[in-house]
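>>> Sequence first, predicted model second:
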Amino acid sequence: MMNMKRVVTIQDISCFGKCSLTVALPIISAMGIETAVIPTAVLSTHTGGFTGYTFRDLTDDIPAISEHWKSLGLRFSGIYTGYLGSKEQIRIVSDFFDDFRTPETFIVVDPAMADGGRLYAGFTDDFVAEMRKLCAKADYIIPNMTEAAFLLGIPYTENCTEDCARSVLRGLAELGCKVPVLTGVHFGTDKQGAAAFDSTTGEFYYSSRESLDCSMHGTGDIFASVFTGAVAHGKPLQRALDISVNFTVDCMEATLPHFEEMYYGSCFEPCLGKLIQYVSE
Ligand code: PXL
């Protein structure tokens, strides 16, 4: 049974707007990996750029789902968490890690809580402190530069270069995770991508593509979902980084003609077919 690749992803459903589960589920499935879900909340839209959205908290359902799964003896190759709605939810997810982690399980934490120098609506410093603890339990964490700055308590810099990325990544590894992956890194003036640090070997990894010089909603979720799928496939870190950067930029390019809808999310759907190709290369 454990030969089959199966991951569980724990994050919200934003009913409209492409992010969290409406991104993770199609992307990881398209990579040929079975994807179980635990929805943490149901929102009418995501919280970036919309007002008046509904928010149904599903915190109480998570332990019940977990108990049922334990009774079934379910096991997962990977656990991937994204947007979590409260400190209490982070603590429950942390217990889920303890209950379902085996020596073969990999854990990806995307500390989805901030962008553009600011925390998302409703998040506080207490939430950041709890997220720091969750990151300590992960094999991989995937913050953008804003999230990394909040996690480390350092000022946010918009233009984080390779040198800056190395020192941020070292700091993130000190939180306790094995491999921090930093997105939104600048390589020279015309290239952007991601950098990673394997703290078990001391090696740094980089991947970049031409910079499109704009930010689009949901790209962090696309990147983290593809990265999770690539790790589930057993891809080496450099390859996982390359696939994630390439697919994210493919989606951004596909979104450019629909500029006015950019804050709804990125157009990943026309690009899904490329994923299987990237994974099989
Ligand atoms: O893309 C991250 C994300 C996920 N879920 C919700 C969000 C956001 C970002 O704004 O609001 C509900």
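Perfect, I can see it now. Numbering: from 1, shown residues only.
>>> the helices in this protein, which residues?
21-30, 61-72, 87-100, 125-136, 145-152, 162-174, 219-232, 237-255, 272-280 (DSSP state H).
>>> Among the ones you listed, which comes closest to the ligand?
Among the helices of the chain, the nearest to the ligand by Cβ to the nearest ligand atom is helix 219-232 (4.7 Å). The C-beta positions use only the backbone N, C-alpha and C, and glycine is treated the same way.
>>> is the ligand contacted by the closest one?
Yes. Applying Cβ under 6 Å from any ligand atom, one finds helix 219-232 in contact with the ligand at 220-221.
>>> got the contact list for that helix?
For helix 219-232, the external contacting residues (Cβ atoms under 8 Å, 6 or more residues apart in numbering) are 5, 7, 9, 19-20, 23-24, 27-28, 31, 33, 77-78, 80, 82, 106, 108, 110, 112, 115, 140, 142, 144, 181, 183, 194, 239-241, 243-245, 247-248, 251-252, 266, 268, 275, 279.
>>> I'd like to know how far residue 106 sits from residue 227.
Using Cβ to Cβ, to the nearest Å, residue 106 is found at 11 Å from residue 227.
>>> which residues do those two both contact?
With contacts taken as Cβ under 8 Å, 6+ apart, residue 106 and residue 227 have residue 140 as neighbours in common.
>>> So between the two, which is more surrounded?
Set side by side, residue 106 and residue 227 show more neighbours around residue 227, with 28 against 20, by other Cβ atoms under 10 Å.
>>> okay, the angle between the lowest-mean-pLDDT helix or strand in the chain and helix 237-255?
The weakest-scoring helix or strand in the chain, judged by mean pLDDT, DSSP states H and E, is helix 272-280 (a mean of 93). Using axes from the mean of the first three to the mean of the last three Cα atoms, to 10 degrees, the direction of helix 272-280 lies 170 degrees away from that of helix 237-255.
>>> on contacts alone, who are the packing partners of helix 272-280?
helix 21-30, helix 219-232, helix 237-255 (3 or more Cβ pairs under 8 Å, 6 or more residues apart in numbering; DSSP states H and E).
>>> which one of these has the most crowded surroundings?
Per-stretch averages of neighbours, counted by mean count of other Cβ atoms under 10 Å, single out helix 219-232 among those, with a mean of 28.
>>> Would you mind getting the angle between that helix and helix 21-30?
30 degrees.
>>> from here on, count from 436
Okay, residue one is now 436; in that scheme the one you just asked about reads as helix 654-667.
>>> now helix 654-667, how far from the centre of its chain.
Distance of helix 654-667 from the chain centroid (Cα atoms, centre = their mean, to the nearest Å) equals 6 Å.
>>> Just the buried positions in stretch 501-512, please.
501, 504, 511-512 (16 or more other Cβ atoms under 10 Å).
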